[in-house]
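Here's a sequence, model it:
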Amino acid sequence: MNLSRMLRARAEEGRPVKVGLIGAGKFGSMFLAQVRTTVGLHLFGVAELSAERARAAMTATGWSVDDAVAPDFDQAARTGRTVITEDSAALIASDIDVIVDATGSPAAAIRHAKLAFKHGKHVVMVTVEADALAGPWLARQAREAGVVYSMAYGDQPALVCEMIDWAHSCGFKVVAAGKGTRYMPAYHESTPATVWTHFGITDEEAKQAGMNPQMFNSFVDGTKSAIEMAAISNATGLKAPSGGLLFPPAGTHDLARVLCPKADGGVLEQSGMVEVVTDYERDGRAVHNDLRWGVYVVFEAAGDEVSGRYTRRCFREYGMATDPSGRYTALYRPFHLIGLELGVSVASAALRGEPTGAVEAFNSDVVSVTKKDLQPGDTLDGEGGYAVWGRIMPASASLAAGGLPIGLAHGIKVTRPVAKGSVVTWDDVEMPKGDAVDARRALEDGARGAMRNVA
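This is a model prediction of the structure:
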């Protein structure tokens, strides 16, 4: 409630929060547009693989690059200007308060987070793929370093976590939470060659808009939904559906009826789950009051018979849409503004020492599932590609199956045949190497140890 006041105070004191952005793609560019007008934030530096791409993003979002860009970090600190660099490590080591990773690469994001913790910097992780791959391990590293590791406000996982926190703080029992999207069962086989048909645009229109077909296909084929729901599960304790996301059709008026346990007329195998709703009926008709761009939480009137009955009456009196019993209801937000809202996370980390959503435990995983028959020598091309898509699984089931995380299914070769529709395992591929693999292995080893201790 008071972040803007705290930011104004920092501005008046002449010591704004200094933030470094790594990655100037769409999400990063949206943040660039808003940080210019956010009192109390100083964009200290932008790191990109291509400095020219960073300059183009800044120009496109209203910056006068010649006036804004300082030649070195010392001058940026003295003048309040911004450094553009291709050296992300130098930016992380500079005199900043918060690093924002918006690279989209889980391997790069994990590398940046580890270095930021070493330098005592807070991290806002836009690259939710890193959260799904090794987020609980990264969160532990951040705690040991005494810094904040946070989800990115404006992206759907952080907004859902906020709604879940609200429900729990009010004493409600959370039944389901998640987001909306566009989905049909055939989308799991979508590739970068077919993706634009699902968006209703041509290849040329997509090219003119600068839209990356593989990145956008990860939204279509179900991978991004699985990654985001896994991040929410790992931050809140909500469970993953045992068979993967159901993507039930549901409008905002129907959330409480559809997203409650099967025993009460809904689709959930139990209470307390993540799920994604679609704006298409299975026959192709549009869902009325769809939630394609939004987020939701379904909760119930808990308590004993008397208090629960009173709360259900309040739901009705205040116009809440409920299931037929009146026991379940929902709140939702119809839109999310991505990087335009990211400043909330930066300010919360620097001024409150609090994340806007943070993974805590390895509850859910996202494994690689084949889109086609794979043969020895085939190369996996990652999220949104031609070979695999990502399906959410309970972490215990993923560990038991030896599932290959979708975040590692990039540029590695298949060593034995894997049938279409199968989960790819570690044993099916050449063992990848690098920081991301090390972080993931550390997470898995810790999870196995925890499970043995519980047993």
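
how close does the residue located most distally from the centre of the chain sit to R313?
Of all residues in the chain, V306 has its C-alpha farthest from the mean position, at 39.2 Å, by C-alpha atoms, centre = their mean. Counting by C-beta to C-beta, to the nearest Å, the separation of V306 from R313 is 11 Å. The C-beta positions use only the backbone N, C-alpha and C, and glycine is treated the same way.

try G339
42 Å.

Looking at the two now, which is surrounded by more residues?
The neighbour comparison of G339 against R313 (other C-beta atoms under 10 Å) goes to G339, with 26 against 12.

biggest strand in this structure, by residue count?
strand 173-181 (DSSP state E).

how about it: buried residues?
Residues of strand 173-181 classed as buried: V174, V175, A176, A177, G178, K179, G180, T181 (neighbour count, 16 or more other C-beta atoms under 10 Å).

Pull the number of nearby residues for D95.
Residues near D95, counting by other C-beta under 10 Å: 12.

Tell me the secondary structure at the residue nearest to it when sequence neighbours are not counted.
Distance criterion C-beta to C-beta, 6 or more residues apart in numbering; nearest residue to D95, sequence neighbours excluded, is A77 at 5.3 Å. Three-state assignment for A77 (DSSP: H, G, I helix; E, B strand; the rest coil): helix.

A77: neighbouring residues, count only.
Going by other C-beta under 10 Å, the residues that sit close to A77 add up to 17.

Distance of A176 relative to D290?
Applying C-beta to C-beta to A176 and D290 gives a distance of 17 Å.

Pull the contacting residues for the nearest residue to V367 once chain neighbours are set aside.
Nearest residue to V367 in three dimensions, chain neighbours excluded: G403, at 3.4 Å (C-beta to C-beta, 6+ apart). Contact analysis of G403 by C-beta atoms under 8 Å, 6 or more residues apart in numbering lists D365, V367, S368, M393, A397, V423, V424, T425, W426.

partner residues bridging G403?
T425 (DSSP bridges).

So for it, what's the pLDDT?
At G403, the model reports a pLDDT of 97.

Next: the one 3 residues further on.
In the predicted model, I406 carries a pLDDT score of 97.

G402 versus the spatially closest residue to it that is not a sequence neighbour, what's the distance?
Sequence neighbours aside, G390 is the residue nearest to I406 in space, at 3.5 Å (criterion: C-beta to C-beta, 6+ apart). G390 sits 16 Å away from G402, going by C-beta to C-beta.

ok, these two, which is more surrounded?
Neighbours per residue (other C-beta under 10 Å) separate G390 from G402, with G390 holding more: 30 against 14.

where does the more buried one land in three-state SS?
With three-state DSSP as the basis, G390 sits in strand.

and it, how far is that from A193?
Distance from G390 to A193, by C-beta to C-beta: 19 Å.

Work out which residue lies at the spatial centre of this structure.
Most central in the chain (C-alpha atoms, centre = their mean) works out to V128, at 3.7 Å.

Return the residues in contact with it.
V128 makes contact with M151, A152, D155, P157, I227, E228, A231, according to C-beta under 8 Å, 6+ apart.

now the residue nearest to the second one when sequence neighbours are not counted: how far from G178?
Leaving out its chain neighbours, the residue that sits closest to A152 by C-beta to C-beta, 6+ apart is V126, at 4.4 Å. The span separating V126 from G178 equals 19 Å under the rule C-beta to C-beta.

Pull the distance from stretch 11-27 to the chain's centre.
The chain centroid and the centroid of stretch 11-27 are separated by 21 Å under C-alpha atoms, centre = their mean, to the nearest Å.

Quick check: end-to-end length of it?
Using C-alpha to C-alpha, to the nearest Å, one end of stretch 11-27 lies 25 Å from the other.

in that stretch, what counts as buried?
11, 16-27.

What about these, which are in strands?
Short answer: these in strands (DSSP E) are V17, K18, V19, G20, L21, I22.

Distance to S50 and pLDDT for those residues - can I get that in TSV?
Below are these laid out as TSV (distance: C-beta to C-beta, whole Å; pLDDT from 0 to 100):
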residue	distance to S50	pLDDT
V17	27	98
K18	23	98
V19	21	98
G20	17	98
L21	14	98
I22	13	98
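
ok, those residues vs V83, which is closest?
G20 (8.7 Å; C-beta to C-beta).

so who does that closest one touch?
F44, G45, V46, A47, L91, I92, S94, I96, V98, I99, V100.

Likewise for Q141?
A113, K114, F117, Y149.

Is it correct that the third one is in contact with G146?
No. With the criterion set as C-beta atoms under 8 Å, F117 and G146 do not qualify as a contacting pair; they are 9.0 Å apart.

who's more crowded, those two?
Legend: neighbour count by other C-beta under 10 Å for F117 and G146, higher for F117 (22 against 9).

So which bits of stretch 183-201 are buried?
Buried residues in stretch 183-201, counted by 16+ other C-beta under 10 Å: Y183, M184, Y187, H188, S190, T191, P192, T194, V195, W196, H198, F199.

Could you export those to CSV, including columns for pLDDT, secondary structure and distance to R140?
Converted to CSV, the buried residues of stretch 183-201 look like this (pLDDT from 0 to 100; DSSP: H, G, I helix; E, B strand; the rest coil; distance: C-beta to C-beta, whole Å):
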residue, pLDDT, secondary structure, distance to R140
Y183, 95, coil, 34
M184, 94, coil, 39
Y187, 94, helix, 35
H188, 95, helix, 33
S190, 95, coil, 36
T191, 95, coil, 37
P192, 94, coil, 36
T194, 93, coil, 40
V195, 93, helix, 36
W196, 92, helix, 41
H198, 85, helix, 38
F199, 81, helix, 39
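
Low-confidence ranges, this structure, go.
The chain contains residues with pLDDT under 70 at 1, 210, 451-455.

now the lengthiest helix in it, how far from the chain's geometric center?
Counting residues, the longest helix in the chain under DSSP state H turns out to be helix 435-454. Mean C-alpha position of helix 435-454 versus that of the full chain (C-alpha atoms, centre = their mean) differs by 21 Å.

For stretch 367-387, buried residues please.
Buried residues in stretch 367-387 (16+ other C-beta under 10 Å): 367-371, 374, 378-387.

Of these, which belong to strands?
Members of the buried residues of stretch 367-387 lying in strands (criterion: DSSP E): V367, S368, V369, T370, T379, L380, D381.

For the contacts of G403, which PyMOL command selects only the ones that are buried?
Typed into PyMOL, the line below selects the buried ones among those, using 16+ other C-beta under 10 Å:
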select buried, resi 365+367+368+393+397+423+424+425
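
how about JSON lines for the contacts of G403, with distance to A263 added?
Compiled in JSON lines, the contacts of G403 are given as follows (distance: C-beta to C-beta, whole Å):
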{"residue": "D365", "distance to A263": "27"}
{"residue": "V367", "distance to A263": "28"}
{"residue": "S368", "distance to A263": "33"}
{"residue": "M393", "distance to A263": "23"}
{"residue": "A397", "distance to A263": "23"}
{"residue": "V423", "distance to A263": "29"}
{"residue": "V424", "distance to A263": "34"}
{"residue": "T425", "distance to A263": "34"}
{"residue": "W426", "distance to A263": "37"}
